[in-house]
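> Okay, predicted coordinates and the sequence, questions at the end:
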Amino acid sequence: MPLKMFCDSDQHPLPTVICDQCGTRIETAADGDCRWRDIAEGDGATNLYFTHKRCGATLLHARGGDEGWSSIGLTQLPTRLTEALKVGPLPRRLQ
Ligand SMILES: [Zn+2]
């Protein structure tokens, strides 16, 4: 379950990325990666895994090694999601 909703100290809900390897929050995009297998499953999709950069090798080792995997840094994920979900221009406060 890589995405969870937490409330900050002002009780504002904040989507939070959880590391699929160690189970703790990924606090900054610069400290995380998004990984997936290169070969799609029957429905043409692959599951996404989120890891801290330090946890990525352990996750891949537990799943047979790093061959056949791709990844992007979490810093790239918002842009990819914005495109995939056809969000359009972001409000100024989110840019
Ligand atoms: Zn981790």
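Cool, the structure landed. Numbering: from 1, shown residues only.

> Specify which residues of the chain, grouped into ranges, have pLDDT under the cut-off.
Scanning the chain for pLDDT under 70 picks out the ranges 1, 93-95.

> Could I get the full set of strands for it?
3-7, 13-17, 32-37, 49-52, 69-73 (DSSP state E).

> could those strands go into CSV alongside distance to Leu90?
Any C-beta I mention is one placed from the backbone N, CA and C, and that applies to glycine too. Output for the strands of the chain, formatted as CSV (distance: least, C-beta to C-beta, whole Å):
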stretch, distance to Leu90
strand 3-7, 19
strand 13-17, 15
strand 32-37, 19
strand 49-52, 22
strand 69-73, 19
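
> Show the end-to-end separation of stretch 26-42, please.
When the termini of stretch 26-42 are compared using C-alpha to C-alpha, to the nearest Å, they are 30 Å apart.

> That stretch vs the ion: in contact?
No - judged by C-beta under 5 Å from the ion, stretch 26-42 stays clear of the ion, getting no closer than 7.1 Å.

> With stretch 2-13 instead?
No - using C-beta under 5 Å from the ion, stretch 2-13 never reaches the ion; the gap is at least 10.8 Å.

> My guess is Phe6 contacts Val17. True?
No - Phe6 is not in contact with Val17 according to C-beta atoms under 8 Å; the separation is 10.7 Å.

> what's the overlap in contacts for the two?
Taking C-beta atoms under 8 Å, 6 or more residues apart in numbering as the contact rule, Phe6 and Val17 both touch Arg25.

> out of these two, which sits in the more crowded spot?
The neighbour count for Phe6 versus Val17, taken as other C-beta atoms under 10 Å, is higher for Val17 (21 against 11).

> So what pairs up with the more buried one in the strands?
Applying DSSP bridges to Val17 gives these bridge partners: Leu3.

> Return the residues in contact with it.
By C-beta under 8 Å, 6+ apart, the contact set of Val17 is Pro2, Leu3, Arg25, Ile26, Gly32, Phe50, Leu74.
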